[in-house]
Structure formats: C-alpha cells, structure tokens
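1. Here is a sequence with its predicted model. Questions after.
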Amino acid sequence: DAGITQSPRHKVTETGTPVTLRCHQTENHRYMYWYRQDPGHGLRLIHYSYGVKDTDKGEVSDGYSVSRSKTEDFLLTLESATSSQTSVYFCAIRRESNTEAFFGQGTRLTVV
Amino acid sequence: GQQLNQSPQSMFIQEGEDVSMNCTSSSIFNTWLWYKQDPGEGPVLLIALYKAGELTSNGRLTAQFGITRKDSFLNISASIPSDVGIYFCAGQGGGSQGNLIFGKGTKLSVKP
C-alpha cells in the first residue's frame, strides 16, 4: 500500500461541465502522475509533477490542467468535459530513489 | 517518441500451463517494470529490472531485461485462476524526469 487515495472513485458528469479529480498521498513523494486508461491504448500520461508548483505535460494533456499546491495533493481538472474524456483515470507516485511507480485505485469518469 | 510493443494482446490458457509475454522497443531503456492489473483496480508492481541481462523472479513469475536493452520478457509458470488480469510492461528511458512508458497490455484468461 503506497498510501494513495483517489477521489471520487466514480463520477458521471455532463458535457461542458468542469470536473476536478483529486489524488492524495501520505508518504511525501516528490513525483506524482496522472494517467488515463482506455481500451486498446494502455496507460497514457496526462500530466506529472516533480514538486510543489512544478508540473509538466504528458503525451495526452490537451483539455486537462493540473495543480499541486501541497506535496500530498495533485489535482486534475477538466475545464469543460467532453465525451472523449470518458475514461478511467489513475494517479501514481514515484519514489525519488528509483523509477518504480505505484498506482491509486482509479477514478471512473463518464461524460454524458 | 518512444513506444513499447507488447505481445500477445491476449491469451487464453489452461490452468497449470506456463505463460510468456514480451515487450519490445526501438529505443533503449534503462529500466523495465512489469505490472498486473485486476479488474476495477490500479496496476500493481510485480517485478523491476535495472540491468541489461538481469533475470529476476517473484514466486512463479520470472522476468528478464534483454541484453540489447530494447526488450523484456515475463514468464508465469504453472498458471492458476488468480493469475487472470492484464499485464503491463513499462520502460524508463533517458527522457526527462524518469517518466515511464507503458505497453498496451496483455490480457490473460485462465481456464480451470
């Protein structure tokens, strides 16, 4: 157990509404990640953070923004949700000493 | 960018059989990781490989870091029903911040 909590676990929202997903960690790891998982695509990196207020884009960042104001929390925001953002979203943390990433349990987001 | 090709996409095997899956890349990786994902859960780290040629076991699982650093293999011996799930390989190359790149997964089904 890497001490990662994602909330909410499930959400249904309407197209055009803003949505924020939260990832909370209890172990003060520097690196945090947001991935989305879709059938046939595996896990794709949306955004990542390498410290408080330090974030960068991944391969599928369009339509998403992130914020990290505290070490323990990494927020993913969909400013105006679209149906193509229906997916399962995973948060992950990584220890600074190696490349091993540990995942949360995921958030299933449905945009209708 | 760097990509991983994971094969096979899916496998249907009989309980007790051995399983092999692999990942290949056109780029060199410094680290290979293997994860398993159960339905409705986040991926869980099974094995981490850090040196070319390294062979590492975790119970009935054995993984190898290819000599060329462009591939990795995962073997499961004497499969059991709880081996069912999706197996992902992940590689870390020389890119910024040590981010991982994931294969698209191998879905394993085991017939009792």
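-> Cool, the structure landed.
2. need the contact list for the closest residue to chain B within chain A.
-> Chain B sits closest to residue A:103 of chain A, with a gap of 3.5 Å, by C-beta to the nearest C-beta. C-beta: built from backbone N, CA, C; applies to glycine. Counting by C-beta atoms under 8 Å, 6 or more residues apart in numbering or on different chains, residue A:103 makes contact with A:2, A:4, A:90-92, B:35, B:42-44.
3. and residue A:38, what is it in contact with?
-> Shown in contact with residue A:38 (C-beta under 8 Å, 6+ apart): A:44, A:87-88.
4. Identify those among the residues you listed that sit within strands.
-> Among the contacts of residue A:38, DSSP state E puts A:44, A:87-88 in strands.
5. Now rank these by neighbours and give me the top one.
-> Within those, residue A:87 tops the neighbour count with 21 neighbours, counted by other C-beta atoms under 10 Å in any protein chain shown.
6. Wondering if the least confident helix or strand in chain B by mean pLDDT reaches chain A at all.
-> Every helix and strand of chain B was ranked by mean pLDDT, DSSP states H and E. The lowest is strand B:100-102, at a mean of 91. Yes - counting by C-beta under 8 Å from any C-beta of the partner chain, chain A has neighbours in strand B:100-102: B:100, B:102.
7. next one: that strand to chain centre, how far?
-> Taking C-alpha atoms, centre = their mean, to the nearest Å, one finds the center of strand B:100-102 at 11 Å from the center of the full chain.
8. And the contacts of that strand?
-> With contacts defined as C-beta under 8 Å, 6+ apart, strand B:100-102 is touched by A:35, A:42-45, A:99, A:101, B:1-4, B:33, B:88-93.
9. Tell me the first helix or strand C-terminal of that strand.
-> Remark: after strand B:100-102, the chain's next helix or strand is strand B:106-111, criterion DSSP states H and E.
10. And that following strand, what does it pack against?
-> strand B:10-14, strand B:85-92 (3 or more C-beta pairs under 8 Å, 6 or more residues apart in numbering or on different chains; DSSP states H and E).
11. most packed of those?
-> Mean neighbour count (mean count of other C-beta atoms under 10 Å in any protein chain shown) peaks for strand B:85-92 among the helices and strands packed on strand B:106-111, with a mean of 25.
12. who are the neighbours in contact with the residue nearest the centre of chain A?
-> Geometric centre of chain A, nearest residue: residue A:34, 2.9 Å, by C-alpha atoms, centre = their mean. The neighbours of residue A:34, taking C-beta under 8 Å, 6+ apart as the test, are A:21, A:23, A:45-48, A:58, A:64, A:66, A:74, A:76, A:89-92.
13. now with 6 Å?
-> A:46-47, A:76, A:91 (C-beta atoms under 6 Å, 6 or more residues apart in numbering or on different chains).
14. which SSE is it in?
-> Residue A:34 is part of strand A:31-38 when elements are defined by DSSP H and E.
15. how far off strand B:85-92 does that strand point, in degrees?
-> Inter-element angle recorded for strand A:31-38 and strand B:85-92: 130 degrees (by axes from the mean of the first three to the mean of the last three C-alpha atoms, to 10 degrees).
16. residue ranges with poor pLDDT in chain B?
-> Counting by pLDDT under 70, chain B shows low-confidence ranges at B:1-2, B:94-97.
17. Quick check: residues of it near chain A?
-> When proximity is defined as C-beta under 6 Å from any C-beta of the partner chain, chain B approaches chain A at B:31, B:41-43, B:45, B:48, B:92, B:97-98, B:100, B:102, B:104-105.
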